[in-house]
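Asks: starting from these lines, generate the structure:
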Amino acid sequence: MNEDMMLRADEKKINWYPGHMARAKRALADQLSRVDVVVELCDARIPRASRNPDLDALIKGKRRLLVLGKADLAQENQTRAWLAYFRAQGIDCMSFDSIRGKAKDIIARIEKASAEAVAKMAARGVKKTVRVMIVGVPNVGKSTFTNRINGASIARTGDRPGVTRSNQWVRITPYLELLDTPGLLWPNLSDQQDARALAFVGTINDNIMDQQMLAIRLMENLMDEHADALTTRFKLKDNTLRGVPLLEEACRGRGWLLPGGVCDTDRGASVILDEFRAGKLGRITLQKAPLPPKKKAEEQREIKKETEE
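Replies: Residues are numbered from 1 along each chain as shown. Down below sits the predicted model:
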């Protein structure tokens with residue numbers, strides 16, 4: 001995201017940390033001693049913003065598998081770039097397609113991550129039941145992920161944050177159990193670019209924000225690199241518009257009008273956010289993967305060369 005994502009003077013700071021999250025964090029900590037592997041699920045469209053910084057201290061010492069979920073909604077080349085970035089840091093990671101993802105692929109990675117613990121118990125003549133905790137921010141798809149692995153709708157799901165309010169153990173096989181946990185944010189969303197990215201994908205409760213402003217900021221952001229998708233979907237005639245005129249242009253394009261031809265900007269904002277989140281604008285990654293050190297150095301040399309010329 002670029003400087004256009006910075007907080008405007010007339011916008012309120014985004015922050016959401018309801019009481020149930022503090023309770024869920026304590027409950028999660030209480031269950032850690034029973035867990036062999038932690039699967040951290042983040043959103044492939046915003047991999048940086050959707051990783052809870054509090055988790056590092058909370059699950060320290062546990063084997064962790066990072067899964068870039070909702071990969072079917074993100075750009076494939078960017079997902080590959082993010083995986084390469086995380087692996088370069090020594091992070092065990094994989095992507096997961098919410099629609100076509102195969103349970104056996106995830107189970108194989110979990111088995112690999114828990115192999116040491118299983119071997120220790122096997123040496124004692126015991127067949128170990130592997131227990132896995134699924135963690136992540138709200139509405140990142142933890143319950144859908146759990147149900148996908150299980151092959152049945154056992155964990156509650158929804159397209160709004162806060163559906164899962166308590167820990168839910170799900171038995172996948174006689175020797176594999178998953179713990180679906182409530183979505184957790186952190187108390188202070190100090191990075192407002194990341195906070196807005198979380199709001200765009202529906203991690204933060206829509207009711208605490210100005211939906212029209214959020215939709216406008218999303219459209220402005222998409223205009224930078226996804227103008228064609230935005231123009232086509234909302235039948236925009238002028239893609240140079242910004243602010244309220246941009247939202248009104250979308251309303252006119254899609255026919256969201258009130259009596260007298262007045263733009264129904266409330267409806268427009270709601271539909272724009274819903275359609276983006278559902279992938280109806282196509283596969284879009286909002287946060288680009290950082291360049292590997294070598295490529296970054298090469299790029300900086302090229303920039304320096306161009307400026308000298």
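Asks: so what's the closest residue to residue 200 other than its chain neighbours up against?
Replies: Nearest residue to residue 200 in three dimensions, chain neighbours excluded: residue 218, at 5.2 Å (Cβ to Cβ, 6 or more residues apart in numbering). From N, CA and C alone the C-beta is placed, and that goes for glycine too. Residues near residue 218 by Cβ atoms under 8 Å, 6 or more residues apart in numbering: 200, 272-273, 276.
Asks: helices of the stretch 1-150 of the chain, start to end?
Replies: Secondary structure of the stretch 1-150 of the chain, counting by DSSP state H, counting those that start in this stretch: helices at 19-31, 55-58, 76-88, 103-113, 115-123, 142-150.
Asks: state the distance from the most centrally placed residue in the chain to residue 141.
Replies: Most central in the chain under Cα atoms, centre = their mean is residue 43, positioned 2.2 Å from the mean C-alpha point. Distance, residue 43 to residue 141, by Cβ to Cβ, to the nearest Å: 8 Å.
Asks: and residue 190, by the same measure?
Replies: If you go by Cβ to Cβ, the gap between residue 190 and residue 141 works out to 25 Å.
Asks: more neighbours, the two?
Replies: The residue with more neighbours, out of residue 190 and residue 141, is residue 141; 24 against 11, by other Cβ atoms under 10 Å.
Asks: let me know how buried residue 82 is, in neighbour terms.
Replies: The number of residues packed near residue 82 is 25, by other Cβ under 10 Å.
Asks: residue 187 now?
Replies: Using other Cβ under 10 Å, residue 187 has 12 neighbouring residues.
Asks: repeat for residue 199
Replies: Neighbours of residue 199 (other Cβ under 10 Å): 24.
Asks: residue contacts, it?
Replies: By Cβ under 8 Å, 6+ apart, the contact list for residue 199 reads 14, 206, 209, 214.
Asks: helices - which of these land there?
Replies: residue 214 (DSSP state H).
Asks: which two in the contacts of residue 218 are spaced the farthest apart?
Replies: Between any two of the contacts of residue 218, the greatest separation by Cβ to Cβ is 10.4 Å, found for 200 and 272.
Asks: out of the two, which sits in the more crowded spot?
Replies: A side-by-side neighbour count of residue 200 and residue 272, using other Cβ under 10 Å, places residue 272 first with 29 against 25.
Asks: low-confidence regions, the stretch 151-300 of the chain specifically.
Replies: For the stretch 151-300 of the chain, the stretches with pLDDT under 70 are 152-166, 293-300.
Asks: all the strands of it, residue numbers only.
Replies: 168-173, 176-180, 257-258, 262-263 (DSSP state E, counting those that start in this stretch).
Asks: looking at these, which one is packed in the most?
Replies: Highest mean neighbour count among the strands of the stretch 151-300 of the chain (mean count of other Cβ atoms under 10 Å): strand 176-180, with a mean of 22.
Asks: mind listing the strands that strand pairs with, and their directions?
Replies: Partners of strand 176-180 in the sheet, by DSSP bridges, are strand 130-136 (parallel), strand 168-173 (antiparallel).
Asks: among those, which is nearest residue 228?
Replies: Here strand 130-136 is closest among those (Cβ to Cβ), at 31.3 Å.
Asks: list the buried residues for that closest one?
Replies: Under the neighbour-count criterion of 16 or more other Cβ atoms under 10 Å, strand 130-136 has 130-136 buried.
Asks: contacts for that strand, please.
Replies: Strand 130-136 has contacts (Cβ under 8 Å, 6+ apart) with 28, 31-32, 34-42, 50, 52, 55, 59, 69, 110-111, 114, 117-118, 142, 145-146, 175-181, 183-184.
Asks: go ahead and build a PyMOL selection from the buried members of the residues you listed.
Replies: Command for PyMOL, covering only those of the contacts of strand 130-136 found buried under the criterion 16+ other Cβ under 10 Å:
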select buried, resi 28+35+36+37+38+39+40+41+42+50+52+55+59+69+110+114+118+142+145+146+176+177+178+179+180+181+183+184
